[in-house]
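1. Here is my input, please return the structure:
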Amino acid sequence: MNVIILAAGKGKRMNSVLPKVLQKLANKPMLEWVLDAAEGVSEAGEPVVVIGHGAEKVKEYFDGRPVKYALQLEQKGTAHAVAQALPLLENKEPVLVLYGDGPLITTETLRNFATLTGNEVGLLTMDLENPTGYGRILRNKAGDVVGIVEEKDATDEQKTIKEVNTGIVIIPGDKLAEWLAKVGCNNAQGEYYLTDLIGLAAAEGQKIQTLKLDDHWEAEGANDKSQLHNLERALQRKLANRLLEQGVGLADAERIDIRGELTCGKDVFIDVGCVFEGKVVLEDNVKIGPYCVIKEAVIGKDTTVEAFTHIDHASVATNNKIGPFARLRPGTNLSDDVHIGNFVEIKKSNVGTGSKVNHLSYIGDTDMGSKVNIGAGTITCNYDGVNKFRTVIEDDCFIGSDTQLVAPVRVGKHSTVGAGTTVTKDVPEDCLVVRRAKTITIEGWPRPTKKS
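-> Predicted coordinates for the structure are as follows:
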């Protein structure tokens, strides 16, 4: 099967420097959603994308993806757009026509559509209580499709028809060029309508197979930010419903955003306002508090992530307690039974089993052993302004509050670093290190006063 995707529109109402099809839905361009859906259709070849406004930006974004491009310099209608793609079709297989601004069409629907249609003309339709703005499906007394009339060209009687055209069609490859050549522009818009092919096919006695959508959102497009917002909320509700069907607990299905692929185990609970980006795995019995942002991460079973925590490209093992207001940056790996508390930031570090960093600390470029306790206000000084260095804290160390560990440095097993110490040299095993300025008390010291 051949696939043509119409994506030449400027999208002026988007009020954006990006072409319309690069506007994002769940952090992915609308055109990418359509390409992904088409890719899953059995035996679908390399798609032909018809581009126009912002053509170079579209090509740049999808650089490396197996896509052919046809250029529509002037936007003269959908039939004209399809005609630009004809030279790039390599065979006479049926042609599936999709739209780059209709991102919610699913692979399952397209597979069913292709199977139903076979080598005949196929038309995807839907029923709407309020069909305003859509082309109406015209049928004869036998129920066969005989044409499509656009609303601006429809009579008052035709406007009462509730079955409408989605624009998605399948046309036999050996008839497409012939029928396109017969399409005129004698209509209210003065454009060449792809829908005219349905009337031409019916006039030749061609059987027109129709598949009616159950979910109208699959055919909805976005011409402005308001419509794009509506698609976003429809998509997020679908994704939330899918989680609920899988047994995931959601505090509010209307207040979750999935911008990638979220995989959940059993007895997972997600509170309100959470955002998941990229590939995220929540294993069994994970609890996510409100307003967390988790990106490209694996969260191990029995772990609790408290409110307002950010986790980015990190790995969290089992039975961890993280947050609130914690930040795990890329390269962070937490072992089992780790506690990361409020206002703690960890970057490019490994934290061993049973270790705790509970308050107001920064741990960067560090290898931390098991059962280590990090006191409040501790920082690893890993950057000298040019290069970064690693800190090693071995098993069962106690690091007192307000400690600075100036890398490269190693703290040996079972050692204690007293509060307020700046560690610039390696600390041996089983010892106490304290480095503080001597306390000076000046009796009767006069406090400065403001000069008149």
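
2. which stretches of the stretch 351-452 of the chain aren't confidently modelled?
-> Low-confidence segments of the stretch 351-452 of the chain (pLDDT under 70): none present.

3. for stretch 209-225, how far is the first residue from the last?
-> Taking Cα to Cα, to the nearest Å, the first and last residues of stretch 209-225 lie 34 Å apart.

4. Now do the buried residues in that stretch.
-> 209-211, 213, 217-222 (16 or more other Cβ atoms under 10 Å). To be clear about C-beta, it is placed using only N, CA and C from the backbone, and glycine gets the same treatment.

5. With pLDDT, distance to Gln158 and secondary structure as added columns, please give the residues you listed in JSON lines.
-> Formatted as JSON lines, the buried residues of stretch 209-225 follow (pLDDT from 0 to 100; distance: Cβ to Cβ, whole Å; DSSP: H, G, I helix; E, B strand; the rest coil):
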{"residue": "Gln209", "pLDDT": "96", "distance to Gln158": "22", "secondary structure": "strand"}
{"residue": "Thr210", "pLDDT": "96", "distance to Gln158": "17", "secondary structure": "strand"}
{"residue": "Leu211", "pLDDT": "97", "distance to Gln158": "22", "secondary structure": "strand"}
{"residue": "Leu213", "pLDDT": "96", "distance to Gln158": "21", "secondary structure": "coil"}
{"residue": "Trp217", "pLDDT": "96", "distance to Gln158": "25", "secondary structure": "helix"}
{"residue": "Glu218", "pLDDT": "97", "distance to Gln158": "24", "secondary structure": "helix"}
{"residue": "Ala219", "pLDDT": "95", "distance to Gln158": "20", "secondary structure": "helix"}
{"residue": "Glu220", "pLDDT": "95", "distance to Gln158": "22", "secondary structure": "coil"}
{"residue": "Gly221", "pLDDT": "94", "distance to Gln158": "22", "secondary structure": "coil"}
{"residue": "Ala222", "pLDDT": "95", "distance to Gln158": "27", "secondary structure": "coil"}
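
6. Looking at those, spot the one nearest Ser42.
-> When the buried residues of stretch 209-225 are ranked by distance to Ser42 (Cβ to Cβ), Leu211 comes first, at 15.6 Å.

7. domain assignment for the protein?
-> 2-219, 249-433 (automatic domain parsing).

8. Out of those, which is closest to Gln236?
-> domain 249-433 (5.8 Å).

9. Give me the distance between the two termini of the closest one.
-> 48 Å.

10. Then stretch 364-374?
-> 13 Å.

11. quick one: buried residues of that stretch?
-> 364-366, 368-374.

12. So what's the residue count around Met98?
-> You called it Met, but residue 98 is Leu. 24 (other Cβ atoms under 10 Å).

13. Pull up the per-residue confidence for it.
-> On pLDDT, Leu98 comes in at 98.

14. May I have the beta-bridge partners of it?
-> Ile5 (DSSP bridges).

15. what's the spacing between it and Gly323?
-> 43 Å (Cβ to Cβ, to the nearest Å).

16. All the helices of the chain, in order from the start?
-> Taking DSSP state H as the criterion, the chain carries its helices at 30-39, 55-61, 78-85, 107-117, 176-181, 196-203, 225-245.

17. Could you export the ones you listed as TSV, including mean pLDDT and distance to Asp430?
-> As requested, the helices of the chain are arranged in TSV below (pLDDT from 0 to 100; distance: least, Cβ to Cβ, whole Å):
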stretch	mean pLDDT	distance to Asp430
helix 30-39	97	58
helix 55-61	96	58
helix 78-85	96	75
helix 107-117	95	62
helix 176-181	95	82
helix 196-203	93	84
helix 225-245	97	50
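
18. hmm, back to that, which among the buried residues of stretch 209-225 gets closest to Val149?
-> Nearest member of the buried residues of stretch 209-225 to Val149, counting by Cβ to Cβ, is Thr210, at 15.7 Å.

19. pretty sure the closest one is in contact with Leu124, am I right?
-> Yes: Thr210 is within contact range of Leu124, at 7.5 Å (criterion: Cβ atoms under 8 Å).

20. could you point out where the stretch 151-300 of the chain is predicted with low confidence?
-> For the stretch 151-300 of the chain, no range has pLDDT under 70.

21. again, only this time at 90
-> The model of the stretch 151-300 of the chain has pLDDT under 90 over residues 152, 185-191.

22. which residues touch the most centrally placed residue in the chain?
-> The C-alpha lying nearest the average C-alpha coordinate of the chain belongs to Arg259 (Cα atoms, centre = their mean; 2.7 Å). Contacts for Arg259 (Cβ atoms under 8 Å, 6 or more residues apart in numbering) come out as 26-28, 275-278.
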